[in-house]
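Trainee: Just need the structure, nothing else, for what follows:
(chains A and B)
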Number of protein chains: 2
Amino acid sequence: MREETDLAALPRGPEHDADPTETPGFVEAALGAIESRDVDALRALVADLHESDLARLLEALPPADRPQLIELLGSDFDFTALTELDETVRVQILEELPTQTVVEGVRELESDDAVYILEDLDDADKQEILAHLPIPERAALQRSLDYPEESAGRRMQTEFIALPPFWTVGQTLDYVGETEGLPETFFEVFVVDPTYRLTGSVPLDRLLRTKRGVKLGEVVTPDRHVVNATDDQEDVARVFERYNLISSPVVDDAGRLVGVLTIDDIVDVIQEEADEDLKALGGVAGDEELSDSFWYIARSRFSWLLLNLIAANLASFVISLFEGELERMVALAVLMPIVASQGGNAGTQTMTVAVRALATRELRASNARRVVARELLVGLFNGVVFAVIMAVVVFARFGIADLGFVIALAMIINLLAAAFGGIMIPLTLDRLKVDPAVSSGPFVTTVTDVVGFFAFLGIASLWF
Amino acid sequence: MREETDLAALPRGPEHDADPTETPGFVEAALGAIESRDVDALRALVADLHESDLARLLEALPPADRPQLIELLGSDFDFTALTELDETVRVQILEELPTQTVVEGVRELESDDAVYILEDLDDADKQEILAHLPIPERAALQRSLDYPEESAGRRMQTEFIALPPFWTVGQTLDYVGETEGLPETFFEVFVVDPTYRLTGSVPLDRLLRTKRGVKLGEVVTPDRHVVNATDDQEDVARVFERYNLISSPVVDDAGRLVGVLTIDDIVDVIQEEADEDLKALGGVAGDEELSDSFWYIARSRFSWLLLNLIAANLASFVISLFEGELERMVALAVLMPIVASQGGNAGTQTMTVAVRALATRELRASNARRVVARELLVGLFNGVVFAVIMAVVVFARFGIADLGFVIALAMIINLLAAAFGGIMIPLTLDRLKVDPAVSSGPFVTTVTDVVGFFAFLGIASLWF
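Mentor: Take a look at the predicted model:
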């Protein structure tokens, strides 16, 4: 087999850099096997792949070949791989696969992975797949899907071990050792009362260190931070981060245990949220993915740029108020973008810090005043420094001392405005329950452009 | 006790929003207890606090009171709380505490937390504390500190359970049940050969489900992704994310087991890295913290703004090449910032996507061409749309059709330049091993400013 020899002969980097899809010839070998419908070769090729690498392979294939690979592999294809794909790619694949294949694949999954795969499908497709599942599985998935999008209920796994407090550690160990069909991996057993209300959890390591005769009720600790199934995943992620949790029980409004969240799902949430904030600050939609089509991206970028165009025209209108001054002194036209640009960048710095600190809840009512004061001081300080620099530069370049004073004054004003806008705009948006990451940028730039041009040209018109 | 009644009477929000430092009166109560040196009141106040909340309380106190709180609490203060502080605050506290207090606090910590606290101290302080520790503890910490900064060796915990392959599951369970001084929490036992080389690991849940007579060697699975102690923490974080790991053994260059990394440490790394990229894109130093002083921040923001000032002066120089045109037609001065600003924003969008995709390794050699082509297409498409919009706006505003054509053409050129620069600059920096998140911004803005002004004014000078 050519492929296998190729793979074995490869120089291996550090273990964790071994991404098979980056191995020269790997994707081509898979493609060849798909096109010649050589199931054995394909199976051999993907046999050792982790689900994440299988997902990488799928993404590296031309769209038409993706469902084919899944169909050829049949039950050898681990549907967990689909949870590691970009949403666009996942939905495309699921839409092209026969319902029966999806149903069989979903049945093999842990509940949280099944929900993850189903939730992006449109309602008709979702219902069709659910209809083909056995009733208990269907009911469990439906219950998770009934929770709001991006809630803990959507992300939780509904397989867990819940036991009564009067069971002994010995009984528990025997039960875990002998029972079939327990969750694939678990880190604790939960203790519940007869109405399934959560008492707390016993981590496996504590279970192992406790004498067999002790009752669970004696070693259970109440969880300090119980997640409600309707909690937003972002809030849950914050709790996990803050309290260094590995897993957490999830309860319904009545306090009954309905699922368990583990940190690996939460890591994805943390990534997603950081990703969304970062993209939003850059004027990109949070859900934009590298695999999205040209058309989708062009439209989603357009709206932000349109907003910016309006802001730019507003700034341009401010400039037009001073046409007379510009005609008399062309140096003003040459210099005015410097003041605006410096303000824009200083404002972006402050805004970035403010948006991030709001997202991580570090910026709170209790320290907002201190941060605002500090930002204004920083703006004033840098404003003065850059004012001096530009005054010297302008004098050297144009030989007009007064022009140096004008730009210096405008620079100080605009860097103060930048600091003020950069912090107050995100704070205000946050208070109005508007995501400051998405909306602050255009406002801040408008402030610094308008103030920059107005201050510089306005002072010039008074001065000269 | 006034404080306790206050706390109990508080309306409780969702469990995880209960941040005691946000509780009105809590910080004041703690402050009062510190100042009256009322140890009992202080102890009662912080008794139920999670280490993260204790950290919040420390941050909310005036700097001078922080070490006092620790001293007053004595052995009731959990030094783990210090790992949850901003670096600035942690270092300040450690510098003010008597060496003996720090030594006793550090001794109570898990090795990874101890390293985390020690590594930021300057060498003299670090050595003084190490010198006061018992030799075995000192040696273990020193070994971790000898690994490079931000490496897996610095983040790993050196407490773990390593057993020979010929031990049975029964022996293992008994050992774990009866031995004192095992790690506080653990998720697996590791199997090593006589030279301590790692064979693999056995998760606790698998251990529980295996018959007592089975040998560890028969149930152990080799870890697919073994972390080397010298690996960079960012690479390690990527492995954890990608393969959904909860913990991973860490080996030295000879393959000997030296520690274990758990996901809760990695979550902090993921957060830090996302944070650094987000801040870098906004022109803020990655290590800037909300608690940093005015002076530190003013200096760190200054350098980025200085770079921007140079770029802005370059753009201003380009404008000055067309002074004649600007004097003849003041509308050019009014309109030129629109072209530059629109390009700057489009370039930032593309750059944001490129920088993020490079950081997550989604953008790779294998798909770079497709992404570049797509970005250029998006640039062309949006360029044409905004060209049409601006042509209409300019004609309506100035009544000069030719001016509309000029701005339209310049807009298309600049949005193409923005797309090209937005993707090629990060790709090139990445190839040159320069962090694209930190350095792309000023280059991209320079390109869009220079091209924007040059295209608009240049075309105008040819046309009119």
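
Trainee: quick check, the helix or strand where residue A:314 lies touching chain B?
Mentor: Secondary structure assignment for residue A:314, by DSSP states H and E: helix A:294-320. Yes. Residues of helix A:294-320 are located near chain B by C-beta under 8 Å from any C-beta of the partner chain, namely A:294, A:297-298, A:301-302, A:304-305, A:308-309, A:311-313, A:315-316, A:319-320. From N, CA and C alone the C-beta is placed, and that goes for glycine too.

Trainee: quick one: residue A:360 from residue A:375, how far?
Mentor: 17 Å (C-beta to C-beta, to the nearest Å).

Trainee: quick one, longest helix in chain A?
Mentor: helix A:365-398 (DSSP state H).

Trainee: That one vs helix B:294-320, what angle?
Mentor: On the basis of axes from the mean of the first three to the mean of the last three C-alpha atoms, to 10 degrees, helix A:365-398 is oriented at 40 degrees to helix B:294-320.

Trainee: Which helix or strand contains the residue most central in space within chain A?
Mentor: Chain A has residue A:272 as the residue nearest its centroid, 1.3 Å off, counting by C-alpha atoms, centre = their mean. Remark: residue A:272 resides in helix A:263-281, with elements defined by DSSP H and E.

Trainee: Give me the pLDDT value at the spatially closest residue to residue A:412 that is not a sequence neighbour.
Mentor: Leaving out its chain neighbours, the residue that sits closest to residue A:412 by C-beta to C-beta, 6 or more residues apart in numbering or on different chains is residue A:383, at 4.0 Å. With respect to pLDDT, residue A:383 scores 96.

Trainee: in stretch A:46-62, what counts as buried?
Mentor: Residues A:46, A:49-61 are the ones in stretch A:46-62 that count as buried (16 or more other C-beta atoms under 10 Å in any protein chain shown).

Trainee: and that stretch, anywhere near chain B?
Mentor: Yes. Stretch A:46-62 comes into contact with chain B (C-beta under 8 Å from any C-beta), by way of A:50, A:52, A:60.

Trainee: distance between the ends of that stretch?
Mentor: Terminal residues of stretch A:46-62 are spaced 17 Å apart (C-alpha to C-alpha, to the nearest Å).

Trainee: I'd like to know how many residues surround the residue of the stretch 301-450 of chain A found nearest chain B.
Mentor: Per C-beta to the nearest C-beta, residue A:352 is where the stretch 301-450 of chain A lies closest to chain B, at 2.7 Å. The tally of other residues near residue A:352 (other C-beta atoms under 10 Å in any protein chain shown) stands at 27.

Trainee: so it, which of the three states?
Mentor: Secondary structure, DSSP: H, G, I helix; E, B strand; the rest coil: residue A:352 is helix.

Trainee: Could you report the distance from the closest residue to it other than its chain neighbours to residue B:116?
Mentor: Spatial nearest neighbour of residue A:352, chain neighbours left out: residue B:282 (2.7 Å); criterion: C-beta to C-beta, 6+ apart. Residue B:282 sits 27 Å away from residue B:116, going by C-beta to C-beta.

Trainee: cool, and residue A:299?
Mentor: Taking C-beta to C-beta, one finds residue A:299 at 46 Å from residue B:116.

Trainee: Those two: which is more packed in?
Mentor: Applying other C-beta under 10 Å to residue A:299 and residue B:116 shows that residue B:116 carries more neighbours, namely 22 against 14.

Trainee: Phi and psi next, for that one.
Mentor: phi -60, psi -40 (degrees, to the nearest 10).

Trainee: That one: what's it in contact with?
Mentor: The contact partners of residue B:116, by C-beta atoms under 8 Å, 6 or more residues apart in numbering or on different chains, come to B:83, B:154-155.

Trainee: ok, the closest residue to residue A:247 other than its chain neighbours - how many residues close by?
Mentor: Distance criterion C-beta to C-beta, 6+ apart; nearest residue to residue A:247, sequence neighbours excluded, is residue A:262 at 4.5 Å. Number of residues near residue A:262 (other C-beta under 10 Å) recorded here: 22.

Trainee: what's the distance between residue A:286 and residue B:43?
Mentor: Applying C-beta to C-beta to residue A:286 and residue B:43 gives a distance of 45 Å.

Trainee: Show me what counts as buried in the helix or strand encompassing residue A:140.
Mentor: Applying DSSP H and E as the criterion places residue A:140 in helix A:135-146. The neighbour-count check on helix A:135-146 (16+ other C-beta under 10 Å) flags A:137, A:140-141, A:143-145 as buried.

Trainee: so what secondary structure elements neighbour it?
Mentor: If you count contacts as 3 or more C-beta pairs under 8 Å, 6 or more residues apart in numbering or on different chains; DSSP states H and E, helix A:135-146 packs onto helix A:111-118, helix A:123-131, helix A:152-155.

Trainee: what's next to the shortest one, contact-wise?
Mentor: Residues outside helix A:152-155 that contact it (C-beta under 8 Å, 6+ apart) are A:112, A:115-116, A:119, A:143-148, A:227-233, A:236, A:250, A:258-259, A:261, A:265-266, A:269.

Trainee: if we go to 6 Å?
Mentor: A:115, A:144, A:147, A:227, A:229, A:231, A:233, A:236, A:250, A:261, A:265 (C-beta atoms under 6 Å, 6 or more residues apart in numbering or on different chains).

Trainee: contacting residues around the third one?
Mentor: In other words, residue A:147. A:153-154, A:229.

Trainee: After the helix or strand that residue A:418 is a member of, which helix or strand is next?
Mentor: For residue A:418, the element it lies in under DSSP H and E is helix A:401-431. The helix or strand immediately downstream of helix A:401-431 is helix A:436-463, counting by DSSP H and E.
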